[in-house]
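Enquirer: what would the 3D arrangement of this be:
(one chain, ligands or ions: 1)
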Amino acid sequence: MINFENTENAFAYRTPIQLKKAKWLFKAMASNTLTKVGSWLTPKLLWLPFVKTIIKNTIYEQFCGGENLEEAAETAKNLSEYGVGSLLDYGAEGKETEEEFDEATAAFIKTIEFAKQKNYISYISIKLTAFSRNGLLQKMHLQENLNSAELEEKNRVEERLDKICQAGTNNNTAILIDAEESWIQDPVDALATKMMQKYNTQRANIYNTYQLYRHDKLVFLKQNIEHAKENNYILGAKIVRGAYMEKERERAIQMGYESPIQPNKEATDIDYNLALEVCLKNLNEVSVFVGTHNEKSCQLATQYMADYSASNQTPKVIFSQLFGMSDNISFNLAKEKYTVCKYLPYGPVNDVIPYLMRRANENTSVAGQTTRELDLIKKELHRRKHA
Ligand SMILES: Cc1cc2nc3c(=O)[nH]c(=O)nc-3n(C[C@H](O)[C@H](O)[C@H](O)COP(=O)(O)OP(=O)(O)OC[C@H]3O[C@@H](n4cnc5c(N)ncnc54)[C@H](O)[C@@H]3O)c2cc1C
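Expert: Down below sits the predicted model:
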């Protein structure tokens, strides 16, 4: 059993001032009203320099690596001193023009080339929506006929993804493709599979993401493992519960279709843990990213690793938590020599606001998470005071 209660390991990389700020922040996020008002007001007031400064010194500092690659690399270097790697995420979202898509593609490739020079950054995360139009993905998802302009647009999306995957493979930086909303996910899955088949012949250079809060995804994962076996490539599987539950349920009600989301949290947990088992049982054909803050799932994953004779240090199993959250999991696993990396977003404050607002809301709505973070921080501050 890994001891996730050890706060000395968990927060060794944080100065006392940083910890006190984190305590204040998690206290503030625990308030539903404050988070709701803050999420609504912040994007509107960002043009005010003092608002930006407040955001930068609080929630941004807690959850983001820096405004540019150099700053993010400093953060990643600090983490690496404690045996924790980094999964860089260029946090730009919601772009809509071809010019912006090309810029985002160039930014991803620049990140890969930068990561190559730093041995503590081995993974980067990408979102297909950073370089393709939402409307196009929706049409592709619905398998609607595309006109000739849309077909060209679709080809450009694939070319951009291919360029990124090629650069990742050439530079030994794994590419993790994020999962998005269910109504655009099918083309993301199809393209991810195509890339894995092309670039994962020797090792997992490309990973797709499986959201187990969807009731159809465990079966899909098993089918994907079989497909990888039959077609001689390694399946890269990032296993998460899923981030868009409320949005998914609301849309299903509004549009009158069956919700793709599991009936309750227990059902999500059961499928998540089964997904872990099926991946860890098949490490000859699968490399797995365990993307969760759930202590039981992480504990279970270490147990399955032992059951299926995988060494703690195997690079085929990577535990990953978001930067600024669940340090008690990341740093205690790293201490036991498991492969761990923090999901580290970076980018100008304005660009990462949607990500930050999701973090604030998640920490309010996910039962127990904020209290857990707060308790651990308080425990560590108390320990340091009496050490
Ligand atoms: C490294 C990393 C990468 C990630 N990448 C992605 C990504 O690409 N795409 C994405 O969508 N998310 C992503 N996430 C977020 C992830 O999907 C979860 O939202 C988040 O991690 C919380 O789940 P948990 O397993 O950590 O914690 P837990 O607290 O155990 O679980 C909370 C989650 O359980 C599910 N849940 C809660 N209540 C219910 C309910 N009533 N019914 C059904 N299900 C419920 C929801 O998914 C909720 O987020 C990522 C997370 C990490 C750590």
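
Enquirer: mind pulling up the pLDDT for Leu19?
Expert: With respect to pLDDT, Leu19 has a value of 96.

Enquirer: isn't it up against Lys378?
Expert: No. Using CB atoms under 8 Å as the test, Leu19 is too far from Lys378 to be in contact (9.4 Å). All C-beta atoms are positioned from the backbone trio N, CA, C, and that covers glycine.

Enquirer: helices along the stretch 1-150 of the chain, start to end?
Expert: Under the criterion DSSP state H, counting those that start in this stretch, the stretch 1-150 of the chain carries helices at the ranges 7-10, 16-30, 32-45, 49-55, 61-63, 69-80, 98-117, 134-141, 148-170.

Enquirer: so which of these is nearest Leu300?
Expert: Closest to Leu300 of the helices of the stretch 1-150 of the chain is helix 7-10 (CB to CB; 19.7 Å).

Enquirer: wait, doesn't Pro43 sit right on Leu356?
Expert: No. Counting by CB under 8 Å, Pro43 sits too far from Leu356 to count as a contact (9.8 Å).

Enquirer: what about the residue in the stretch 1-150 of the chain that the ligand sits nearest to, neighbour count?
Expert: Distances between the stretch 1-150 of the chain and the ligand by CB to the nearest ligand atom are smallest at Leu87, namely 6.6 Å. As a burial measure, Leu87 scores 27 neighbours (other CB atoms under 10 Å).

Enquirer: any idea how far Glu180 is from it?
Expert: 17 Å (CB to CB, to the nearest Å).

Enquirer: and the helices of the stretch 1-150 of the chain as CSV, adding distance to the ligand and mean neighbour count?
Expert: Putting the helices of the stretch 1-150 of the chain into CSV (distance: least, CB to the nearest ligand atom, whole Å; neighbours: other CB atoms under 10 Å) gives the following:
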stretch, distance to the ligand, mean neighbour count
helix 7-10, 16, 20
helix 16-30, 15, 17
helix 32-45, 16, 13
helix 49-55, 21, 14
helix 61-63, 12, 20
helix 69-80, 14, 18
helix 98-117, 15, 17
helix 134-141, 15, 17
helix 148-170, 15, 17
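
Enquirer: mind telling me which of the ones you listed the model trusts least?
Expert: helix 32-45 (a mean of 76).

Enquirer: which other residues reach that one?
Expert: Residues from elsewhere that reach helix 32-45, judged by CB atoms under 8 Å, 6 or more residues apart in numbering: Ala28, Met29, Val51, Ile55, Ile353, Met357, Ala360, Asn361, Asn363, Thr364.

Enquirer: the stretch 151-300 of the chain: helices as residue ranges?
Expert: Remark: helices of the stretch 151-300 of the chain, listed N- to C-terminal, are 182-199, 217-230, 245-255, 265-281, 295-307; assignment by DSSP H, counting those that start in this stretch.

Enquirer: now distance to the ligand too, for the ones you listed, in JSON lines please.
Expert: Rendered in JSON lines, the data for those read as follows (distance: least, CB to the nearest ligand atom, whole Å):
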{"stretch": "helix 182-199", "distance to the ligand": "9"}
{"stretch": "helix 217-230", "distance to the ligand": "11"}
{"stretch": "helix 245-255", "distance to the ligand": "5"}
{"stretch": "helix 265-281", "distance to the ligand": "4"}
{"stretch": "helix 295-307", "distance to the ligand": "6"}
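
Enquirer: and the ones you listed as CSV, adding mean neighbour count and mean pLDDT?
Expert: Below are the helices of the stretch 151-300 of the chain laid out as CSV (neighbours: other CB atoms under 10 Å; pLDDT from 0 to 100):
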stretch, mean neighbour count, mean pLDDT
helix 182-199, 20, 98
helix 217-230, 16, 98
helix 245-255, 13, 96
helix 265-281, 19, 98
helix 295-307, 17, 98
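
Enquirer: can you redo the ones you listed as a markdown table with distance to Lys238?
Expert: As requested, the helices of the stretch 151-300 of the chain are exported to a markdown table (distance: least, CB to CB, whole Å):
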| stretch | distance to Lys238 |
| --- | --- |
| helix 182-199 | 10 |
| helix 217-230 | 11 |
| helix 245-255 | 18 |
| helix 265-281 | 10 |
| helix 295-307 | 13 |
